[in-house]
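*Asks:* This is the structure alone, sequence omitted:
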DNA sequence: ATTGTCAGTCAGTGCTCACTGACATTCAAT
DNA sequence: ATTGAATGTCAGTGAGCACTGACTGACAAT
């Protein structure tokens, strides 16, 4: 049976693992270090996860984002370019920030674990398609100047991806407010760039 | 004496090392694999680099970009926003593409090697300052609308950084031409976004 | 008081890996 | 043909690491 106590320790161990994997990489961390950081013995780690790799794999299941973005596109779009893009950006960065540790892990894991890469690469792909569809729609409604919606989608996606990097590491070069200001300016710039 | 033969093997070994580090990460590659990929015995690797880490460190000396970007700003700017930004982007992406393997290495190395991170983080910082100064100048000359030059610089930098990611891995989702087209559209969009 | 669950201890196994030393071999230049 | 530098071979060392097994202790529910 999965008692709450059991789950709590499993959780703590995973938290510690993600934290350490993000900083030092999968190969850069020992199971002993993970266990110690979680406050348990190494033995306990192996009782909950039968291998180091399975621990990583379970952690990856935490990493969502495609699904969440899809939901946003399905429900919340107004048709106002400025509003929509701002909203999309906000959600995107919230998701990226929440998952930043796992993202660092994924970026650091090499091709040793190929399934992981496939898995991770799917997500931005989904978002790109959602954005492209959206821009096609907007163009049909005459809300864009003569641009290639695909390219515009990619530009918007990677602009945001780039900006998200700023908050990946924990150095506080930007406060939350400063970052929001930066985002605001970026999205505004982008909207001006694609409208007439 | 450093004979040409000696240098050639040292070079081959380093090339192989960078290639493998980029794909599997520093900890994910053995010295034996590196030597084999380079076509030499492991022993020879250690005769040229007295440790695995020193091999990585020597490799990092290859990684330039701040200096190159500085040179571009010093000489080649015309004052025409569109031209300048397009030129800067082009150079940036050429440098990033040339150094892509090392960039992958750097991104994958964990905090085990902190000097490396410091070293790497300096480069975008320099470029950001160069861009900020440039946008301040342009604004003084009345070539920008009422924007914050710092934020504009950061947006431009990270937009390009994001786009550079597209070509980091060797999956050929974009051809060289398609990528240039994408860049063109991005820079164009950006220029429209910051001018009146 | 008993029993089941979860965690700790400790000693250990088997493997991998960075790195070495002694000696043999290849190769290029004279 | 000789020499010296560069590379190969092979066997090994010592450390680190994922992972295990046998056993003990803490605690909560019945």
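*Replies:* Here it is on my side, so go on. Worth saying up front: this structure is predicted, and the values here are computed from it rather than measured. Numbers count the residues shown, from 1 in each chain, chains lettered A, B, ... in the order given.
*Asks:* Domain ranges for chain A, per the record?
*Replies:* A:4-60, A:66-194 (automatic domain parsing).
*Asks:* What I need now is those domains written out in a markdown table, including distance to residue B:110 and mean pLDDT for each item.
*Replies:* Just so you know, the C-beta spots here come from the backbone N, C-alpha and C atoms, and that holds for glycine as well. Formatted as a markdown table, the domains of chain A follow (distance: least, Cβ to Cβ, whole Å; pLDDT from 0 to 100):
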| stretch | distance to residue B:110 | mean pLDDT |
| --- | --- | --- |
| domain A:4-60 | 4 | 95 |
| domain A:66-194 | 7 | 94 |
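*Asks:* looking at these, which is closest to residue B:194?
*Replies:* Proximity to residue B:194 (Cβ to Cβ) singles out domain A:66-194 among the domains of chain A, at 6.2 Å.
*Asks:* what about the closest one and DNA strand D, any contact?
*Replies:* No: with Cβ under 7 Å from any atom of the strand as the criterion, DNA strand D is not reached by domain A:66-194; the gap is at least 12.6 Å.
*Asks:* And that domain, how far out from the chain middle?
*Replies:* 10 Å (Cα atoms, centre = their mean, to the nearest Å).
*Asks:* For it, measure first residue to last.
*Replies:* In terms of Cα to Cα, to the nearest Å, the two terminal residues of domain A:66-194 are separated by 25 Å.
*Asks:* which residues does the most centrally placed residue in chain A contact?
*Replies:* Residue closest to the average C-alpha location in chain A (Cα atoms, centre = their mean): residue A:96, at 3.4 Å. Going by Cβ atoms under 8 Å, 6 or more residues apart in numbering or on different chains, residue A:96 touches A:65, A:103, A:164, A:167.
*Asks:* ok, now how distant is it from residue A:69?
*Replies:* Residue A:96 is 11 Å from residue A:69, where distance means Cβ to Cβ, to the nearest Å.
*Asks:* And residue A:18, by the same measure?
*Replies:* Using Cβ to Cβ, residue A:18 is found at 22 Å from residue A:69.
*Asks:* Please apply the same query to residue A:81.
*Replies:* 18 Å.
*Asks:* tell me the SS of residue A:84?
*Replies:* At residue A:84 the chain is in helix, as set by DSSP: H, G, I helix; E, B strand; the rest coil.
*Asks:* My guess is it contacts residue A:73. True?
*Replies:* No: counting by Cβ atoms under 8 Å, residue A:84 does not reach residue A:73; the two are 9.3 Å apart.
*Asks:* Overlap of the contact sets of these two?
*Replies:* Joint contacts of residue A:84 and residue A:73 (Cβ under 8 Å, 6+ apart) are residue A:134.
*Asks:* and after the longest helix seen in chain A, which helix or strand comes next?
*Replies:* Taking DSSP state H as the assignment, the helix of chain A that covers the most residues is helix A:114-140. The first helix or strand that comes after helix A:114-140 along the chain, using DSSP states H and E, is helix A:149-165.
*Asks:* Can you list the buried residues in the helix or strand that that next one is followed by?
*Replies:* Proceeding N to C from helix A:149-165, the next assigned helix or strand is helix A:176-194, under DSSP H and E. For helix A:176-194, burial by neighbour count (16 or more other Cβ atoms under 10 Å in any protein chain shown) applies to A:179, A:182-183, A:185-194.
*Asks:* Keep only those of these that are also close to DNA strand C.
*Replies:* Among the buried residues of helix A:176-194, no residue sits close to DNA strand C (Cβ under 7 Å from any atom of the strand).
*Asks:* of the residues you listed, closest to DNA strand C?
*Replies:* Taking Cβ to the nearest atom of the strand as the measure, DNA strand C lies nearest residue A:179 of these, at 37.9 Å.
*Asks:* Run the chain-centre distance for stretch A:26-35.
*Replies:* So, by Cα atoms, centre = their mean, the centroid of stretch A:26-35 is 23 Å from its chain's centroid.
*Asks:* give me the element the residue nearest to the centre of chain A is part of.
*Replies:* Assigned by DSSP H and E, residue A:96 falls in helix A:81-98.
*Asks:* Tell me what angle that helix forms with helix A:176-194.
*Replies:* Interaxial angle of helix A:81-98 relative to helix A:176-194 (axes from the mean of the first three to the mean of the last three Cα atoms, to 10 degrees): 140 degrees.
*Asks:* So for helix A:81-98, what gets flagged as buried?
*Replies:* In helix A:81-98, counting by 16+ other Cβ under 10 Å, buried: A:81, A:84, A:85, A:86, A:87, A:88, A:89, A:91, A:92, A:93, A:95, A:96.
*Asks:* can I assume the fourth one is in contact with residue A:186?
*Replies:* No: here residue A:86 does not reach residue A:186: they are 9.9 Å apart, not a contact under Cβ under 8 Å.
*Asks:* circling back: what's the following helix or strand after the helix holding residue A:96?
*Replies:* Downstream of helix A:81-98 (by DSSP H and E), the next one is helix A:100-108.
*Asks:* That following helix near chain B anywhere?
*Replies:* Yes: under the criterion of Cβ under 8 Å from any Cβ of the partner chain, chain B is reached by helix A:100-108 at A:107, A:108.
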